[in-house]
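[1] coordinates for the following, if possible.
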Amino acid sequence: MKATQVLIDEHSGLMVILKVLEKINSQISQDSQFNIDHVDEIIEFFQVFLDKCHHSKEEIYLFPSIEALGTDSDRQLIKEALDDHKNARIFASEMEDSIAAYKEGRKAEIKEFSKNTVSYISLISRHIQKENTVIFIRANELISSEEQNEMVTEFEEIEKDVIGVGRHEEFHIMVDELKKIYL
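    Alright, predicted model coming up:
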C-alpha cells in the first residue's frame, strides 16, 4: 500500500468525526442536550490521532519528500498545508479550553466552542480535499512506490512510538461507535 493511500484512509475516518461534530454542534446551537464525553473524545481524537499521528506522518516523511523532489509550486502547496496544520492545532486547543470552561460552569463558553468547531470543520474539510485531490496525487507522481512503501513502515513506527501500541485501533473503534450513534 502506498503512503498516500494510508493517509487517504485516515482522512475517511476523520471526515466521519467531522460529521459527528457537526451533529453535536447542531444540538448545541439548538440548546439541546449533548454528550460532553463524546466532545472530549473528539477533541482527544483531533489532538492525538490527527495531530500527533496523522500530521506527523505528513510533516516528517511525506511533505519533506515532496519539497525535495518537487517544484516551487509544490513547495508552496506544502507551506499552505503546514499552515493548515498549525491553524488546526490552534482551533483544537481553543475548543479544548472552551469546553473545559463550560464544564467548570462558565456556560457562555459553549458559544466559543461552537464558533471554533465551525472554523475547525471548515478548515479541515478544505484541507483534506486539497491533500486528497492535489498534494497526494503530486506525491504519487514524485515519490517512487519503493519510497512510499518505506514510508508506510515509518508510519507504523509513529503509531507505535508517538501515540502508543493499539491507540490507532482504539481510535478506529471510537470512530465506528460515534458513527453508529450520530450518523
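[2] tell me the buried residues in the lengthiest helix in the chain?
    Of all segments of type helix in the chain, defined using DSSP state H, the longest is helix 72-103. By neighbour count on 16 or more other C-beta atoms under 10 Å, the buried set for helix 72-103 is 74, 77-78, 81, 84-85, 88, 91-92, 94-96, 98-99, 101-102. (C-beta placed from N, C-alpha, C; glycine too.)
[3] what does stretch 118-130 give?
    Of all the residues in stretch 118-130, those buried under the rule 16+ other C-beta under 10 Å are 119, 120, 121, 123, 124, 127, 128.
[4] in contact with the most centrally placed residue in the chain, which residues?
    Closest to where the C-alpha atoms of the chain average out (C-alpha atoms, centre = their mean) is residue 50, at 3.5 Å. Each residue near residue 50 by C-beta atoms under 8 Å, 6 or more residues apart in numbering is listed here: 14, 88, 92, 124.
[5] can you do 10 Å?
    Applying C-beta atoms under 10 Å, 6 or more residues apart in numbering, one finds that residue 50 lies in contact with 10-11, 13-14, 17, 44, 56, 85, 88-89, 92, 124, 171.
[6] quick check: it vs residue 179, distance?
    16 Å (C-beta to C-beta, to the nearest Å).
[7] any chance you could map the strands in this protein?
    Using DSSP state E, no strands are found in the chain.
[8] pLDDT weak spots in it?
    Filtered on pLDDT under 70, the chain yields no residues whatsoever.
[9] all helices for it, in order.
    3-29, 36-44, 56-57, 63-69, 72-103, 109-130, 136-142, 145-158, 167-182.
[10] so what touches stretch 165-175?
    Residues from elsewhere that reach stretch 165-175 (C-beta under 10 Å, 6+ apart): 9-10, 12-17, 20, 38, 41-42, 44-45, 48-50, 52-54, 155-156, 158-160, 163-164.
[11] list the buried residues for that stretch?
    167, 168, 171, 174, 175.
[12] much appreciated, bye for now.
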